Each structure stands twice: as structure tokens, then as C-alpha cells.
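Trainee: I need the structure of the sequence given here:
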Amino acid sequence: MTTEKGFVQVYTGNGKGKTTAAIGLAIRALGAGKKVLFLQFMKEKSYSEHNILPNISPNIKLETLGKPFFIARKEDLDPETLAQWENKCVFFEPGKPPADYVQLIKEGVEKAKKELMSGNYDLVILDEINVAVFFELITEETVLDLINSKAPKVEIVLTGRNATEKIMERADLVTEMREIKHYYTQGIEARKGIEN
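Mentor: Here you go, the predicted model:
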């Protein structure tokens, strides 16, 4: 471990690149001899980074902590999108997220808190945790508690769209990825090695 102060970084916004930026930072940290914990909330091991990151260094631990992110509140989607995702998504009423998702995220948060407090890692990435807050799987207060409980030397990165104002205020660095143009509007689905 170094004697440097660890900061709080947030990558948010509707544009592509939040997880990709976190992966890049993880590789940079590994190149500097740092230890990295990469916890992915609301994802399963179907993303291409799972094929490479665990094998590039013994100093990185990559783990998924929840089901895929395909849950949504019906009122958040327009009728066309709703029809497109109807058989691929778990929908729920506002304030009533699926209990099994809530439990998985809770277990992930407990693991994250333990590791943040331990100081065993120089960099801890909580991928898609902002989305978990948005979908009411965890509270904003829970995430703020995670940030406040970290060992002083630990750098923490929180990714995912819809970061709350309080989380962004608490952060030392906030980057918003803004979508200007994206080929998914032309019906292009996630491509292996690019988005997945």
C-alpha cells in the first residue's frame, strides 16, 4: 500500500464508456503495482472483461454481485422500448424492487464495505452501483456510508448512470459521459468486445 490519500471518483451520465473508463483505470493501477478490487453490481459474467482481467495480474480481483441489469420500472420506458424489452426484462412497480435482486445487492454491499475498510486494496471499483441506487435496490445513504467507511488510502470509483446529487457532491472527481450519438438508435445491439 502507498501512503497517498485515496479519492472518490464517479463516472456517470447516459453516454457509453463508464465501465470502460473504470477498466482502463484498473489496468493503469495494476501497471503501477497497485492492488485492485473490481466489483460489478447488476451484471453477470457474460462481459468480455471477465475473459482477460482476472488473468493479467494476481493483483486484481473481479467479481459480479448480482443478476444482470435488465430490470426496469415500466413508467421509465416509452411504449416502443417497453415492447422491445418485454420478454428480456424484469419489470417492477415504483418502490417495490424484486426481493431477490435487493438481497444480492445487499450481500455485494456488505462485501464491498468489508474490503473498503480493510485497506487490502489500493483501488476499489463499484461498477454500476449508481444504477442499483436508481432502481431502489440500495439507498443513497448506503452508498454514502460505503464511501465514508473506506480506509483513507483507498481510491474508490463508482460507475453507472443516474448518480445522485449527494453522491456527486461527496465525490472528489465526477465525470459525466454525455451521449451525443449512438448506433443503438439504429437498432444495433450490444456487440461482443465493444459493449459486452
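Trainee: when you work out contacts or count neighbours from here on, use the C-alpha atoms and nothing else.
Mentor: Will do.
Trainee: tell me how far M117 lies from K106.
Mentor: M117 is 17 Å from K106, where distance means CA to CA, to the nearest Å.
Trainee: residue ranges with poor pLDDT in this structure?
Mentor: Residue ranges of the chain with pLDDT under 70: 1-3, 43-48, 50-51, 66-75, 77, 82, 84-89, 182-196.
Trainee: all strands for it, in order.
Mentor: For the chain, the strands defined by DSSP state E occupy 8-12, 36-40, 60-64, 71-73, 90-92, 123-127, 155-159, 173-176.
Trainee: what about the fifth one, distance to the chain center?
Mentor: The one in question is strand 90-92. Here strand 90-92 is found 20 Å from its chain centre; the criterion is CA atoms, centre = their mean, to the nearest Å.
Trainee: what's the local residue count around I23?
Mentor: Close neighbours of I23, defined as other CA atoms under 10 Å, add up to 17.
Trainee: let me redo that: D122
Mentor: D122 - counted by other CA under 10 Å - has 25 other residues nearby.
Trainee: wouldn't it be in contact with V157 here?
Mentor: No - contact criterion CA atoms under 8 Å: D122 and V157 do not qualify, at 11.2 Å.
Trainee: okay, and the common contacts of the two?
Mentor: Common neighbours of D122 and V157, counting by CA atoms under 8 Å, 6 or more residues apart in numbering, are absent.
Trainee: sorry, back to before: okay, the strands of the chain in a markdown table with mean neighbour count next?
Mentor: What follows is those, written out as a markdown table (neighbours: other CA atoms under 10 Å):
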| stretch | mean neighbour count |
| --- | --- |
| strand 8-12 | 24 |
| strand 36-40 | 23 |
| strand 60-64 | 18 |
| strand 71-73 | 18 |
| strand 90-92 | 16 |
| strand 123-127 | 26 |
| strand 155-159 | 25 |
| strand 173-176 | 16 |
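Trainee: between those strands, which one is closest to F135.
Mentor: strand 71-73 (7.3 Å; CA to CA).
Trainee: burial measure for I129, as a count.
Mentor: I129 is flanked by 27 other residues according to other CA under 10 Å.
Trainee: same thing with E80?
Mentor: Applying other CA under 10 Å, we find 8 residues neighbouring E80.
Trainee: please apply the same query to I52.
Mentor: Neighbour number of I52 under other CA under 10 Å is 9.
Trainee: same question for the one 3 residues further on.
Mentor: N55 is surrounded by 11 other residues when neighbours are defined as other CA under 10 Å.
Trainee: roughly how far apart are it and K18?
Mentor: Applying CA to CA, the value for N55 to K18 is 22 Å.
Trainee: hey, where'd the helices end up in the chain?
Mentor: Assigned by DSSP state H, the helices in the chain fall at 18-31, 53-56, 79-85, 99-118, 129-134, 140-149, 165-170.
Trainee: for the ones you listed, which one sits closest to F41?
Mentor: Nearest of those to F41, taken as CA to CA: helix 129-134 at 5.9 Å.
Trainee: could you dump that closest one to CSV, C-alpha only?
Mentor: Listed next in CSV are the C-alpha coordinates belonging to helix 129-134 (Å, rounded to 0.1, in the frame of the first residue of the first chain):
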residue,chain,number,x,y,z
ILE,A,129,-23.6,0.9,-8.2
ASN,A,130,-25.3,4.2,-9.2
VAL,A,131,-27.8,2.2,-11.2
ALA,A,132,-28.5,0.0,-8.2
VAL,A,133,-29.5,3.2,-6.3
PHE,A,134,-31.6,4.4,-9.2
